[in-house]
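*Asks:* sequence unavailable; structure follows:
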C-alpha cells in the first residue's frame, strides 16, 4: 500500500510520520489487506486545533474517508484513524464480497462538474438575468458503477460524500442515494425504471 502524508502549513516531523505509517499499515493488514493507497493530510484548524483528513482507496472507485480534529497532532490523527477502523469493521465482509463481484467493465463514464454558487446581491436593485448559468470551475470524468442499493449505501457511508449515483442492476436504470438532514439515507428511483422494490399484493 502506498502512503502519502502531507502537512499543510505545518511540519509533521519524522516521529509523527512513522506513527501514521505504522497505524495505517496495521489497519490495512487487520481489516482488508488489499488497500491500494492511503493519503493523510494534516492542517491547522482555527487557532489551536489540528485537522486530519484520511482517505484510503480499498478497491476500484471505493474509498474510505474520515476527518477529525484535536489540539494534539497525534490525537487528531488517532481519532480520524479510529473512524476509518470503525467503517472497515462494519463493512469488512461486504467489502470483500463486493470486490469479488465487481465487474470492471460494467460502468458508465460521465462528466462531473463543479459549479460556483449563486453570488450574493450587491444591492437591493441588483437583478440577475433569468437565463444566467453558474460558472463551471472544474470538469472531471467519473464512473457510474452498477451495484445494488445496499452496496450504494455502503459506498456512500464509507466515502463520507453527500450523494452517490449508480446503475441499478434490477432494471439497468440510474438511481441515487443521498444523506438526509434527519440522518437517514434517501433513495431516488426515477419513474420509468421498473421498481426494484418488491411488489405488494393487492388486498381484497
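*Replies:* Ah, there it is. Only a predicted model underlies this, so the values are computations on that prediction, with no experimental measurement involved.

*Asks:* rest of the way, CA atoms for contacts and neighbours
*Replies:* Noted.

*Asks:* buried residues of stretch 75-88, list them for me.
*Replies:* Across stretch 75-88, burial judged by 16 or more other Cα atoms under 10 Å covers 76, 77, 78, 79, 80, 81, 83, 84, 85, 87, 88.

*Asks:* which of those residues fall within strands?
*Replies:* The members of the buried residues of stretch 75-88 all map outside strands under DSSP state E.

*Asks:* now the helices for this protein?
*Replies:* Chain-ordered helices for the chain, with DSSP state H as the definition, fall at 14-27, 73-101, 149-159.

*Asks:* measure residue 25 to residue 189 for me?
*Replies:* Distance, residue 25 to residue 189, using Cα to Cα, to the nearest Å: 39 Å.

*Asks:* which residues sit in contact with the most centrally placed residue in the chain?
*Replies:* Taking Cα atoms, centre = their mean, the centroid of the chain lies closest to residue 159, which sits 2.1 Å from it. For residue 159, the contact set (Cα atoms under 8 Å, 6 or more residues apart in numbering) comprises 62, 63, 64, 65, 66.

*Asks:* could you check how far the residue lying closest to the fourth one once chain neighbours are set aside is from residue 47?
*Replies:* What it means is residue 65. Using Cα to Cα, 6 or more residues apart in numbering and skipping the chain neighbours, the partner closest in space to residue 65 is residue 55 (4.4 Å). In this view, residue 55 and residue 47 are 25 Å apart by Cα to Cα.

*Asks:* near the closest residue to residue 75 other than its chain neighbours, how many other residues are there?
*Replies:* The shortest distance from residue 75 to any residue that is not its chain neighbour, by Cα to Cα, 6+ apart, is 7.9 Å, and that residue is residue 69. As a burial measure, the neighbour count of residue 69 was computed by other Cα atoms under 10 Å and equals 23.

*Asks:* show me what contacts residue 69?
*Replies:* Listed by Cα under 8 Å, 6+ apart, the contact partners of residue 69 are 45, 49, 50, 51, 52, 75, 76, 77, 79, 80.
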